[in-house]
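K.L.:
The sequence isn't on hand, but the structure is:
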């Protein structure tokens, strides 16, 4: 389901003595965070901070923000989760945020009256993502590949699939 604000990382520490903060990105890479000039502290966008600069440093992002100019102020921000405004993000067609896939209902592409379940989690395996689909207390795993996933509409919370043989054989 499409959300207005999405979690993108957590402030995990400081860097240097001038208020630079280390952010562990929960997105594809630290480079993704460099695209945003405003980040938020909550999923409603009520509290924000203005990003003065962002850069990659290994597997973390280093942020300098307005109002945080000492190591003490930066340390006080530790463990805070950062959000982006969804409308500020630009994704290529066919790409989705994992948070938007969670709770989407999964239907059979050839019989849309048949519901396979709801996406409860996504595992990133390297080759392709694996979607966890729950129905009636059971969990099914499907590869998120174009032969299986026919269409995704996160705004409607609706996904059509053609599952590989055997995945849903024990379904009631």
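P.N.:
It's in. Quick caveat: nothing in here was measured; it's all calculated off a predicted structure. Numbering: from 1, shown residues only.
K.L.:
State the pLDDT value of residue 54.
P.N.:
On the pLDDT scale, residue 54 is placed at 93.
K.L.:
How about residue 107?
P.N.:
You'll see residue 107 listed with a pLDDT of 98.
K.L.:
In contact with it, which residues?
P.N.:
For residue 107, the contact set (CB atoms under 8 Å, 6 or more residues apart in numbering) comprises 114, 115, 116, 158, 159, 160, 161. All C-beta spots, glycine's among them, are computed from the backbone N, C-alpha and C.
K.L.:
likewise residue 7?
P.N.:
Residue 7 makes contacts with 26, 43, 81, 82, 83, 99, as judged by CB under 8 Å, 6+ apart.
K.L.:
before we move on, what about residue 143?
P.N.:
By CB under 8 Å, 6+ apart, residue 143 lies in contact with 128, 129, 130, 131, 164.
K.L.:
Compare the residues you listed and tell me which is most surrounded.
P.N.:
residue 131 (25 neighbours; other CB atoms under 10 Å).
K.L.:
What about that one? Give its phi and psi, please.
P.N.:
phi -90, psi 130 (degrees, to the nearest 10).
K.L.:
centre of the chain versus the top helix by length along the chain, how much separation?
P.N.:
When every helix of the chain is counted residue by residue (DSSP state H), the longest turns out to be helix 71-76. For helix 71-76, the separation from the chain centroid amounts to 27 Å (computed by CA atoms, centre = their mean, to the nearest Å).
K.L.:
coming back round to it: now, among the contacts of residue 7, which is nearest to residue 120?
P.N.:
residue 99 (12.4 Å; CB to CB).
K.L.:
wait, isn't residue 132 in contact with residue 138?
P.N.:
No - with contact defined as CB atoms under 8 Å, residue 132 does not reach residue 138; the gap is 10.8 Å.
K.L.:
Settle it for me: which of these two has more neighbours?
P.N.:
residue 132 (16 against 12).
K.L.:
Where do the strands of this structure begin and end?
P.N.:
5-15, 20-25, 38-40, 48-57, 60-65, 81-85, 105-108, 115-124, 129-135, 138-143, 149-153, 158-161 (DSSP state E).
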